[in-house]
Every structure is written in C-alpha cells, then in structure tokens.
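In: structure, please.
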Amino acid sequence: MDYTEIYEAWLHSPKVDAETKNEIRSILDDENKLRHRFGSYLKFGTAGLRAKMGAGTNRMNVYTVAHVTEGVARLIKSLGETAMTRGVVIAHDNRNNSSLFARRAAEVLAHSGIKVYLFDDVRPTPELSFAVRYLNCTAGINITASHNPKEYNGYKLYGPDGAQPTEETVARVRAFVDQIDILEDIPITNPDNGLIRSIGSEIDLAFLDAVLGEAVNPDVVKRASESLSVVYTPLFGAGAKFVPEIMRRIGLCKIYTVNEQMVHDGDFPGLLKPNPEYPASFELGIKLAENVNSDLIIATDPDADRVGVMVKGRDGVFKTISGNQMGSLLLNYILSALKERNELPSDAYAVKTIVTTEMAETICDSFGVKLYNVLTGFKFISEVIREHEESGKGTFILGFEESYGYLKGLHARDKDSVVTSMLICEMAAYYHLRGMTLLDALDELFGKYGYYSEDTSEIYQDSVDGREKIAAMMDTLRNNAPEKIGGSPVVEVRDYLSGTIKELRTGNVTPTFLPSSNVMYFKTAEGNAIIARPSGTEPKIKFYVLAHGDSLEASLEAVSACKATIEDVFSLERGSLKK
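Out: Predicted coordinates for the structure are as follows:
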C-alpha cells in the first residue's frame with residue numbers, strides 16, 4: 001500500500017482510537033505531512049526506535065510501540081517456554097506518554113503468554129540493564145528518547161546480558177515485525193492473566209548496592225565532606241532519586257539540588273534539549289552553585305545514562321568538562337588509584353569508541369593497560385565485555401564514549417550516570433584534598449600526556465528527504481575524499497562500511513576488523529582526524545574532530561582548521577558548523 005492507502009486504513013479502522021483519528025484528519029490536506037507520517041514505518045535499528053510522537057506509522061505512538069513489541073514477543077516465543085517464563089523487564093523515563101507506551105508493551109507481551117516485570121515508576125536506563133541481569137530475564141525494554149527534545153520518544157531493546165542486542169537479534173526482530181500488520185495482527189484487549197508483575201524498591205536497593213561496590217577510594221569523600229559541595233540536577237529526569245542517594249551513601253554532606261528540575265516533567269520547561277552536553281542545560285545549576293558557593297555541578301539526562309559536569313575555576317567562573325576530558329580524567333584516576341595500592345590487574349583493559357579522544361590510548365599505554373577501540377554505540381563496548389567474560393580473561397576497568405557516557409563495573413551493560421556521578425564526586429574529593437579542582441587535574445593530564453582537543457558538530461536534515469540528503473553527504477565523503485584536512489595531507493582513509501583502511505602513501509589496504517557501519521574516518525599526517533557518521537537516532541550527520549598539539553591553544557587551532565575543511569567540502573558558510 002502507498003501512504004494514502006495506509007492513511008485511509010488508519011482513518012477507518014475500528015482499532016484506532018478517536019483522538020488519533022482526529023489528529024490525522026487535521027493533516028488530510030497536507031500531502032507533505034501525510035507522506036512524512038505514513039510514507040514509511042519506523043525502522044527498528046540497532047538502538048531500537050526513536051522518533052517524534054504523534055499519529056502515523058513513522059511516529060512514536062501506542063500502535064508503533066505495540067507493532068515492534070509483537071515482533072519481540074514472537075521472537076521470544078520462538079525461543080521456547082523457558083524464555084517466555086524468564087520474561088521481560090520494562091522500564092520508562094519521565095517523557096510524555098512513556099508510562100503509557102511501557103504499559104502497552106507489557107500488555108502485548110502478556111497477551112502472548114510472556115511474563116513481564118514492569119517498573120512502578122520512572123527508572124534510570126542503567127537500572128533497567130541491571131534488572132535484566134538481576135532477574136535473569138530473557139530481555140528488557142526501556143521506553144526513552146534519552147536526551148532528545150520533548151517531542152521525541154523511543155524504545156530500546158536489551159538482551160539477556162543487559163546489553164542492547166546483537167545485529168543478528170535485531171535482524172530477527174525486524175523480520176518478525178515485517179510480517180505483522182500494525183493494525184490487524186496486534187491484540188487490543190488488556191490481558192488479565194496475572195503475567196504482569198509490578199517491581200520497584202527491591203531492584204532499587206540491589207542496584208544502589210552494586211553501584212556502591214564500584215567505589216575506588218570509599219573513604220576519600222568522607223574526608224572532604226566538610227568542605228566539598230556539589231550541585232546536582234536531573235534535568236527533570238530519572239536521576240532525581242538515585243544520584244543524590246548515591247552521593248549521600250559515599251559520605252557527601254553538602255548536596256544541593258536544583259529543585260525546579262527535580263520533578264518529573266516531560267515538557268522539560270526552559271530546556272530546548274535536556275542534554276548535559278549543552279552548557280544551556282546548566283543555567284539554573286550555575287545560579288544555585290554561585291549562591292551556595294559550590295565546587296562543581298553535575299547534570300544527568302532524562303533517562304540518567306549520561307552525565308555532564310561544570311567545575312568552578314580559579315576565577316570563580318564555571319567551566320565545562322567535556323565528555324572526552326571526563327573520560328580521560330576517570331580513566332587516569334581509576335588506574336592511578338589501583339596502581340598506588342598494587343591492585344592494578346595484569347590483564348586490565350578499557351574500551352572506548354573510535355570517535356573518542358586519543359588521550360585514552362596514551363593513558364592506557366603509560367599503565368600497560370590494553371585499550372579497545374569499537375564503533376560508536378555502547379552496545380559495542382558491551383560486546384567487548386561479553387567476549388572477555390566468555391573467555392574468562394581480562395579485567396574490565398572502564399568503558400566510555402565522547403557523548404558523556406561511562407561505565408565502571410559489571411552490574412550493567414549500558415552507560416550509567418549513577419555510578420559515574422559517584423566516581424566524579426569521589427575524584428573531585430581526592431583532588432580537593434590536594435588543593436586542586438578537576439580543572440587543575442585536567443591541566444595536570446595535559447602536562448603529562450600531551451594536549452588533546454576534540455569537537456563534535458552536526459548538520460540536521462529534518463525533512464521528508466532527509467535520509468537521502470544524509471546518504472548523499474556520506475557518498476560525497478566516500479567518493480571524493482578531501483586531499484588535505486586543516487592544511488595537512490590526508491594519509492589514511494578508513495571506510496567502516498566496506499571494512500577497509502587505506503594508507504594513501506603506499507596504497508596498502510587492510511581490514512578494520514570491526515562490524516560494517518556507515519562511518520568514514522580521515523587521518524592526517526599530523527595525526528589529527530575527522531570522522532563522519534549519520535546519527536542512528538536523529539535525522540542528522542555528525543562530525544567528530546580529534547586533534548592534538550604542542551599546547552592547548554595549538555590543539556584548539558587544529559580543531560578549528562579541521563572544521564573549516566568540513567565546511568569547505570559541503571560548501572557551508574564559514575563558522576556555520578557548530579555543536
């Protein structure tokens with residue numbers, strides 16, 4: 001059927017509610033909106049689903065949620081009775097409609113005879129990952145759009161190890177979904193078969209205990225508690241209950257919360273994007289921190305898997321510590337603490353993504369620790385952890401990515417802002433006792449390991465033909481690679497879609513040894529790099545710049561020069577490529 005026939009089917013189906021029908025009637029005369037909403041179905045990708053909420057096959061709503069959940073149910077049923085009995089745990093964030101979507105997913109699964117554990121309220125993404133493992137479930141589902149604007153919602157699927165599923169599992173789910181009619185093949189009745197069980201406090205306590213067990217220097221916060229103060233904001237999300245609690249448990253006394261943002265509000269008032277990567281998200285936090293003379297501000301995103309930090313400088317001004325910088329600080333802090341106590345395992349390893357700072361490589365080399373580079377997405381970090389667990393070799397130290405996501409510990413298999421917030425407070429206390437801030441600690445890292453700077457920029461293509469435009473941009477890079485970046489010759493091109501690394505000086509081609517992914521990586525003679533990849537969750541193409549220099553100023557200049565090259569390639573106005 002074409003989009004007009006699908007539209008008519010929704011308009012006249014007795015399974016579609018009156019409110020939805022009224023919404024789609026309102027766009028009857030707008031062909032562009034009709035095509036955008038009914039011209040395709042939401043694609044179940046490696047990160048599940050994410051889209052704007054609204055009526056239509058290409059929007060997040062109870063029908064698209066039920067559609068993909070029916071596919072998940074059929075996959076679980078194909079695995080046998082044990083998989084159905086082990087069940088599925090479902091969580092959700094604070095977004096508008098998240099609890100509704102979570103309940104609908106639970107109903108579809110229960111209708112298929114699958115046991116469901118449904119969280120009684122908003123929970124962090126890492127707790128969902130933990131719960132899958134703790135309850136020994138077959139799968140987990142989380143209704144969240146992470147840090148996207150308020151118009152969005154999403155659906156994440158997790159496997160039995162608490163990680164997002166493998167490509168093979170995703171393909172199987174997609175194959176089942178493709179066989180299902182979104183209206184005719186899905187039950188609409190609420191099952192009353194006793195298979196949906198509400199869960200809450202038991203899992204909370206077990207999760208917090210597991211997080212607390214990941215402290216590196218358990219007593220350091222208590223020793224600094226009289227003078228160290230922290231401001232925290234959950235940005236209206238799921239961290240409100242858990243982050244302050246873990247801070248209290250490690251002995252922090254001076255905790256100040258941004259009360260306006262401690263409530264669960266899916267409209268995220270005052271925030272264009274509830275994203276701790278953006279300084280604008282810290283506006284209220286800065287005001288409070290200035291009033292209470294706080295040392296640092298911690299912010300977590302709505303589903304509490306990402307965490308951002310601002311630190312008061314010597315001049316009294318709060319400054320951002322980027323995701324790359326925080327990852328480097330945590331890595332160095334954890335390894336240093338273990339080494340000081342002679343507890344650094346000989347088989348220790350860390351994991352980062354290919355778009356994340358190269359300072360991590362230098363740090364790991366200095367400690368004799370193996371570092372793995374993987375594709376973007378925490379699921380690939382989790383795959384490395386799983387491989388080591390299966391082999392019985394290797395001690396996991398830290399996994400992180402530039403987009404403010406970190407994990408220490410084996411309690412979860414996704415980014416965890418709760419354990420990270422704890423470690424940030426602990427690290428801040430450690431340096432505080434030495435008369436240093438985290439900004440001073442960062443300067444110390446630069447002096448020891450070299451000056452590294454990074455940048456992430458993006459170009460949105462939020463239109464009907466947005467995907468085609470993004471594909472064309474990637475084709476431009478793949479078929480017409482720039483000869484120079486920032487004035488330095490390109491010496492290496494990595495095409496992760498074809499899985500090849502080409503040395504331009506010699507013509508030698510070697511494999512990437514990573515899964516196929518639509519990513520282009522260009523490295524210059526100076527060792528700087530530009531990476532381009534389409535976002536898996538939003539209609540945009542992302543550019544990552546990794547640079548270094550003899551000074552911080554030189555590394556920042558290298559970043560600017562690399563960005564100018566991107567603007568030239570796509571004929572953009574100079575300075576238009578911004579974060």
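
In: from now on I want contacts and neighbour counts done on CA atoms only, so please keep to that.
Out: Noted.

In: quick one, helices of the stretch 351-500 of the chain?
Out: In chain order, the stretch 351-500 of the chain shows helices spanning 359-367, 378-391, 417-432, 438-449, 466-479, with DSSP state H, counting those that start in this stretch as the criterion.

In: mean neighbour count, these: which tops it?
Out: helix 417-432 (a mean of 25; mean count of other Cα atoms under 10 Å).

In: same for it, what does it pack against?
Out: Identification of packing neighbours for helix 417-432 by 3 or more Cα pairs under 8 Å, 6 or more residues apart in numbering; DSSP states H and E yields helix 201-212, helix 220-224, helix 239-249, strand 307-312, helix 323-340, strand 405-407, helix 438-449.

In: so what does the next helix or strand after the third one touch, helix or strand wise?
Out: By that I understand helix 239-249. Taking DSSP states H and E as the definition, the helix or strand that follows helix 239-249 towards the C-terminus is strand 254-257. If you count contacts as 3+ Cα pairs under 8 Å, 6+ apart, strand 254-257 packs onto strand 229-233.

In: just the strands from the stretch 1-150 of the chain, written as ranges.
Out: 49-52, 88-92, 116-119, 139-143 (DSSP state E, counting those that start in this stretch).

In: for residue 142, see how far away residue 106 is.
Out: To residue 142, residue 106 is 11 Å away according to Cα to Cα, to the nearest Å.

In: what's the overlap in contacts for those two?
Out: Common neighbours of residue 106 and residue 142, using Cα atoms under 8 Å, 6 or more residues apart in numbering, are residue 90.

In: what does the lowest-mean-pLDDT helix or strand in the chain contact?
Out: Between all helices and strands in the chain, the lowest mean by mean pLDDT, DSSP states H and E belongs to helix 466-479, at a mean of 89. Taking Cα under 8 Å, 6+ apart as the criterion, the residues outside helix 466-479 that touch it are 461, 495, 520, 532-534, 539-541, 570.

In: now do stretch 490-500
Out: Contacts of stretch 490-500 (Cα under 8 Å, 6+ apart): 478, 482-484, 501-505, 509-525.

In: not counting sequence-adjacent ones, nearest residue to residue 53?
Out: What sits nearest to residue 53 in space, not counting adjacent residues and going by Cα to Cα, 6 or more residues apart in numbering, is residue 60, at 4.5 Å.

In: burial count for the one you found?
Out: Burial of residue 60, expressed as a neighbour count using other Cα atoms under 10 Å, amounts to 24.

In: ok, residue 316 next?
Out: When neighbours are counted by other Cα under 10 Å, residue 316 comes out with 11.

In: roughly how far apart are residue 39 and residue 53?
Out: With the distance defined as Cα to Cα, residue 39 ends up 16 Å from residue 53.

In: actually residue 115, sorry about that
Out: Taken as Cα to Cα, the span from residue 115 to residue 53 is 28 Å.

In: the two - which one has more neighbours?
Out: Between residue 115 and residue 53, counted using other Cα under 10 Å, residue 115 has the larger neighbour count: 24 against 18.

In: so that one is in contact with residue 84, correct?
Out: Yes: using Cα atoms under 8 Å, residue 115 is in contact with residue 84, at 6.2 Å.

In: helix, strand, or coil at residue 548?
Out: strand (DSSP: H, G, I helix; E, B strand; the rest coil).

In: so where's the stretch 1-150 of the chain shaky on pLDDT?
Out: Under the criterion of pLDDT under 70, the regions of the stretch 1-150 of the chain flagged as low confidence span 46.

In: at 90 what do you get?
Out: Applying pLDDT under 90 to the stretch 1-150 of the chain picks out residues 1-2, 43-48.

In: repeat that for the stretch 451-579 of the chain.
Out: Low-confidence segments of the stretch 451-579 of the chain (pLDDT under 90): 458-469, 480-481, 535-540, 569-579.

In: roughly how far does residue 143 sit from residue 263?
Out: When Cα to Cα is the yardstick, residue 143 and residue 263 sit 18 Å from each other.

In: what's the separation between the residue of the chain positioned farthest from its centre and residue 6?
Out: Relative to the centre of the chain, the most outlying C-alpha is that of residue 12, 38.8 Å out, by Cα atoms, centre = their mean. In this structure, residue 12 and residue 6 are separated by 10 Å, where distance is defined by Cα to Cα.

In: burial check on residue 505, number of neighbours?
Out: By other Cα under 10 Å, 9 other residues sit near residue 505.
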